[in-house]
Every structure is written in C-alpha cells, then in structure tokens.
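# Compute the structure for the input listed below.
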Amino acid sequence: MKRFSIVGISAIAFIAISVQPPVIAAFQQAQSAITSKLKQPKLQVQLTAERQVIKGAVATWEPLKDAITVQPGDTIRYQLSGVNESDREIRNLVFTQPIPQKTVYVLRSAAVAESNDVKITYSIDQGKQFDEKPMVKVKQPDGKVELQPAPAEAYTHVRWKFNRAIAPGSPIRATYEVKVR
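Here you go, the predicted model:
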C-alpha cells in the first residue's frame, strides 16, 4: 500500500526595518508621507488541511498537523483562509492552488464561504489556462473528435477570483477537496 506525508503550509508576510542617518531623515519622512497613500492592503493567508474520517454513517474532518501519513482513498480538504488586516479594501483578489501530486481533485468541491460573487475556474494544463468547465478532445469509435468535460484526473489547479472588494477586517475562506491515489 502506498503512503506519503502531507505537511501543513502557511504563508507569512515579513516586514523589513532599516535605520538611516539623521541627514536624510527629513527626505524620508516626506517620501513616507507620499508612499503611505500608495501602500497595498495586507492579507495574510494560511493553508491548512483536514482528512475526512468516516465512522459508521457520520463523516467528520480531522486536522492534518506536521507530517501525517494518509492512505490511498483518503479525502483531504484544503482550506485557504485569511483576513484583510489593512484599513483599505482589497480588489481583484485571486487565489490559485495546485492539485497536489498523487491526488485527484474531487469535482465540484471548490467553494468559498463568504460570498457568491466569486468565479471558480480550473486548469488542466499546469496553470496555463483556466476555465469554469474544462473540456478535452476525445476521439470517438467512428473517428470523429468530440469535446467532453475533462475528467477529475486531468485537473491540475483551482482558481478563485473574487469579483467584489474585500473590506477591511473581512475574512476570506476558500476550500477544495482531493482524493489520495
């Protein structure tokens, strides 16, 4: 039986601080006043994973922490979550997540908690192109080629495009599921 480990991942923003001589302090204060109006909003995003546990007829989710072993057939739910930590709206926010190797995307599992104004698209070509309903060419027995919906095994990435501005202090949560091969 195949086994592999999944490690929790989180993204953290770092801020660099530098000390300058007093001679250029006045210039930097003026520059700071100008650039403070140009600063980008801050969104710290965390990626977590949970394994589905089925006991009888009840399904629950168990957090995956550190290096945990999963088995073929296990369903894993990934969650991207964050909060707009700035005093400005975040516009044109896009999350793109790869489907991990040795897993298969669970069709129609991508979701977002806070809004219906999110466009979810998928890639079947390693993230080069995205579509709401990826299609593949399939050769029929009579030799004709038809376009058909891509099978779950073909999906390589999921993308969420938020069509609304994310207000200051607002949370964001996007999820998707995969099945371990």
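
# start to end distance for stretch 65-78?
Stretch 65-78 has an end-to-end distance of 12 Å (CA to CA, to the nearest Å).

# same check, this time on stretch 147-163
29 Å.

# And stretch 152-170, by the same measure?
32 Å.

# Mean pLDDT per helix and strand in the chain: which one sits at the bottom?
strand 9-10 (a mean of 35; mean pLDDT, DSSP states H and E).

# Just checking: what are the partner strands of the helix or strand hosting Gln79?
Using DSSP states H and E, Gln79 sits within strand 75-84. Strand 75-84 pairs in its sheet with strand 43-55 (antiparallel), strand 171-180 (antiparallel), by DSSP bridges.

# Thr175: neighbouring residues, count only.
19 (other CB atoms under 10 Å). Where you see a C-beta, it was placed from the backbone N, CA and C, and this is true even at glycine.

# Can we start the residue count at 38 from this point?
That works, and once the first residue is 38, the last one we named lands at Thr212.

# is it in a bridge, and if so with what?
Going by DSSP bridges, Thr212 forms beta bridges with Gln116, Ala148.

# so it makes contact with Gln116?
Yes - with contact defined as CB atoms under 8 Å, Thr212 counts as touching Gln116 (4.8 Å).

# List the buried residues of stretch 111-128.
Within stretch 111-128, the residues scored as buried using 16 or more other CB atoms under 10 Å are Asp111, Thr112, Ile113, Arg114, Tyr115, Gln116, Leu117, Ser118, Gly119, Val120, Asn121, Ile127.

# contacting residues around it?
Here stretch 111-128 makes contact (CB atoms under 8 Å, 6 or more residues apart in numbering) with 43, 76-89, 98, 101, 107, 132, 134, 140, 143, 146, 197, 202-217.
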